[in-house]
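**Q** Pasting the sequence and the predicted model now:
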Amino acid sequence: MKILATDIVFFLISVSYKLPWTCISSLLSQFSRDYGPEVLLQLNFAYFFPSIPILVLQTIFNERMDQKLGLPLGALVRFVFGLGGLSVIMSFFPILASTHLSLLLTTVAVGICYGAAFGTSYQLASRFPASSTVALTTGFVSSGPIVLVIDLWVKKGTYYTSHGLSALCSWVALITSLGLLAAMLLIFSNTRSLRMGSHSQHVEIRLPDKGASKFSKAVKKNSTRKSLGDTHALALTSNPDGVSLESMESGESRAHSPQRDHAQNTSSSAFSSDCDEKQYKKNLPMHVLAWKVAPAAISIFLSVGTSMLVFPFFTYVQSTGLFGERLAQVLFYVRLIGDIVGRLLPPFLKDTTAKELLVWGAVKSAVMPMVLLSIFLPQMTHLRGNIKCNKCRWQLGTA
């Protein structure tokens with residue numbers, strides 16, 4: 001139950017820092033009408049480019065901040081800056097983004113706050129079960145349907161009125177504030193474990209199934225004795241020569257039973273094997289490591305790169321009359337739904353290896369030129385027709 005509650009909190013955190021940008025980009029039809037079709041490309045630059053240096057700086061300064069403040073307080077400060085900043089910006093967004101330039105500057109601020117919250121959320125998720133990371137990625141793509149529901153509920157007509165836009169942004173600010181409260185609750189309820197993780201050496205021991213079973217029984221046995229008054233714990237302590245597993249007992253000394261010795265020997269052997277594996281990975285040459293991660297890196301680059309390349313040009317698509325001026329917004333939500341479906345399909349297709357995902361990335365890249373042609377070819381044909389028409393008029397006029 002506690003793990004489920006933690007996953008819900010991470011889901012809400014992820015929704016809250018992704019929701020403002022999803023809200024802004026969902027207004028692409030309205031912004032395109034006011035500032036031209038190129039505004040969506042400008043918004044993408046304004047949002048993504050500032051968040052990149054923020055994430056880079058976090059990798060450099062997060063550890064220093066956590067050493068001074070402790071991980072709980074450091075993460076809290078970053079969440080207040082990130083999620084709190086997003087909540088304030090969205091509360092006053094209709095006022096802050098009243099002109100073309102102010103819209104871009106406000107989007108820059110949204111990107112900076114997003115970067116701070118995004119990096120901190122994954123830093124904390126690494127200290128919880130793997131399901132927490134899954135909850136973050138699920139919340140990341142769930143912001144689209146949430147904005148769609150608010151959009152259908154609030155908007156009357158093709159475009160937002162000033163009152164409707166204020167209502168949309170108020171809902172987004174409220175959900176973002178709930179995400180901040182969830183992050184604060186997560187930190188306050190796990191302060192002790194987070195503080196230990198940031199100030200003491202923590203070593204994760206991955207044991208084989210049989211060894212892990214026997215070792216867990218030994219730990220459970222020791223925990224039972226502790227509850228009866230006999231304090232006993234297994235701890236990992238560091239020394240200049242390496243890391244050793246020691247047994248610390250207070251109170252009456254007891255002779256080790258054969259079962260306990262066997263469990264400790266098994267765990268020590270597994271720990272030694274784990275250290276050897278980590279040392280081997282650490283000593284891998286850079287070109288070998290690059291070759292091993294290349295398929296996964298290329299597949300991510302192809303998938304994310306094609307999506308980011310096509311999306312800014314939705315406002316250039318000429319409507320055939322089916323959706324009218326809503327066409328760009330319809331394409332936006334179709335893309336979000338496709339993103340969600342695409343994240344759910346790989347487990348069913350059993351395409352979970354990097355090389356298999358690389359194939360799907362290549363397929364997506366192959367489709368991209370057709371999408372771009374469908375966007376720009378009608379405009380080129382229309383432009384060519386106008387040139388021929390003007391040429392004919394010129395010839396008739398001179399004849």
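**A** Good, I have the coordinates.
**Q** Can you give the contact residues for stretch 357-375?
**A** With Cβ atoms under 8 Å, 6 or more residues apart in numbering as the test, stretch 357-375 has contacts from 295-296, 298-303, 305-306, 309-310, 313, 316-317, 346, 351. (Each C-beta comes from the backbone N, C-alpha and C, glycine too.)
**Q** Give me the buried stretch members for that stretch, please.
**A** Residues of stretch 357-375 classed as buried by neighbour count (16 or more other Cβ atoms under 10 Å): L357, L358, W360, G361, K364, V371, I375.
**Q** Also stretch 140-157?
**A** Quick answer for stretch 140-157 (16+ other Cβ under 10 Å): F140, V141, S142, S143, G144, I146, V147, L148, I150, D151, V154, K155.
**Q** What mean pLDDT does the host helix or strand of the third one get?
**A** Assigned by DSSP states H and E, S142 falls within helix 130-154. Taken as a whole, helix 130-154 has an average pLDDT of 88.
**Q** quick check: angle from the helix or strand just after it to helix 130-154?
**A** Sequence order places helix 162-189 as the next helix or strand after helix 130-154, per DSSP H and E. Per axes from the mean of the first three to the mean of the last three Cα atoms, to 10 degrees, the angle that helix 162-189 makes with helix 130-154 is 160 degrees.
**Q** Let me see the domain layout of the protein.
**A** 1-200, 207-282, 285-399 (automatic domain parsing).
**Q** and the gap between I298 and G361?
**A** Using Cβ to Cβ, to the nearest Å, we find I298 at a distance of 7 Å from G361.
**Q** brain fart, N62
**A** 30 Å.
**Q** Any of the contacts of stretch 357-375 buried? List them.
**A** P295, I298, S299, L302, S303, T306, V310, F313, Y316, V317.
**Q** hmm, back to that, sitting in helices, which of the buried residues of stretch 357-375 do you find?
**A** L357, L358, W360, G361, K364, V371, I375 (DSSP state H).
**Q** returning to what we had before: got the buried residues of stretch 357-375 as CSV, with pLDDT and distance to H163 columns?
**A** Formatted as CSV, the buried residues of stretch 357-375 follow (pLDDT from 0 to 100; distance: Cβ to Cβ, whole Å):
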residue, pLDDT, distance to H163
L357, 76, 45
L358, 81, 49
W360, 78, 44
G361, 79, 44
K364, 80, 40
V371, 75, 36
I375, 71, 33
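**Q** just these now: which is nearest V288?
**A** Among the buried residues of stretch 357-375, L358 lies closest to V288 (Cβ to Cβ), at 18.5 Å.
**Q** Could you find the closest non-adjacent residue to that closest one?
**A** Distances taken as Cβ to Cβ, 6 or more residues apart in numbering put S299 closest to L358, at 4.3 Å, once the chain neighbours are dropped.
**Q** And the pLDDT at that neighbour?
**A** In this model, S299 carries a pLDDT of 80.
**Q** and the helix or strand hosting it, what does it pack onto?
**A** If you go by DSSP H and E, S299 is part of helix 286-310. Secondary-structure packing of helix 286-310 (3 or more Cβ pairs under 8 Å, 6 or more residues apart in numbering; DSSP states H and E): helix 354-398.
**Q** among the domains of the chain, which is the most enclosed?
**A** For those, average neighbour numbers computed from mean count of other Cβ atoms under 10 Å are highest in domain 1-200, which has a mean of 18.
**Q** could you dump the buried residues of stretch 140-157 to CSV with distance to A116?
**A** Converted to CSV, the buried residues of stretch 140-157 look like this (distance: Cβ to Cβ, whole Å):
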residue, distance to A116
F140, 16
V141, 21
S142, 21
S143, 17
G144, 22
I146, 21
V147, 21
L148, 26
I150, 24
D151, 27
V154, 28
K155, 30
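**Q** List the residues that contact S126.
**A** S126 neighbours (Cβ under 8 Å, 6+ apart): T133.
**Q** distance of it from T133?
**A** Distance from S126 to T133, by Cβ to Cβ: 8 Å.
**Q** The host helix or strand of L105 vs helix 130-154, what angle?
**A** L105 belongs to helix 100-125 when assigned by DSSP H and E. In terms of direction (the same axes, to 10 degrees), helix 100-125 departs from helix 130-154 by 150 degrees.
**Q** In contact with Y17: list those residues for me.
**A** Y17 sits next to G82, L83, L86, C113, Y114, A117, F118, S121, T176, G179 when contact means Cβ under 8 Å, 6+ apart.
**Q** Format the residues you listed as CSV; extra columns: distance to V334.
**A** As requested, the contacts of Y17 are arranged in CSV below (distance: Cβ to Cβ, whole Å):
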residue, distance to V334
G82, 29
L83, 29
L86, 26
C113, 28
Y114, 23
A117, 27
F118, 25
S121, 27
T176, 25
G179, 26
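**Q** Is it possible to get a markdown table of those residues that adds pLDDT and distance to L73?
**A** Shown next, in a markdown table, are the contacts of Y17 (pLDDT from 0 to 100; distance: Cβ to Cβ, whole Å):
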| residue | pLDDT | distance to L73 |
| --- | --- | --- |
| G82 | 94 | 15 |
| L83 | 96 | 16 |
| L86 | 96 | 20 |
| C113 | 94 | 19 |
| Y114 | 93 | 22 |
| A117 | 93 | 16 |
| F118 | 92 | 19 |
| S121 | 93 | 16 |
| T176 | 96 | 21 |
| G179 | 95 | 19 |
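**Q** quick one on the thing from earlier: touching, the residue nearest to L358 and A354? I think so.
**A** Yes: in this structure S299 lies within contact range of A354 using Cβ atoms under 8 Å: 6.2 Å.
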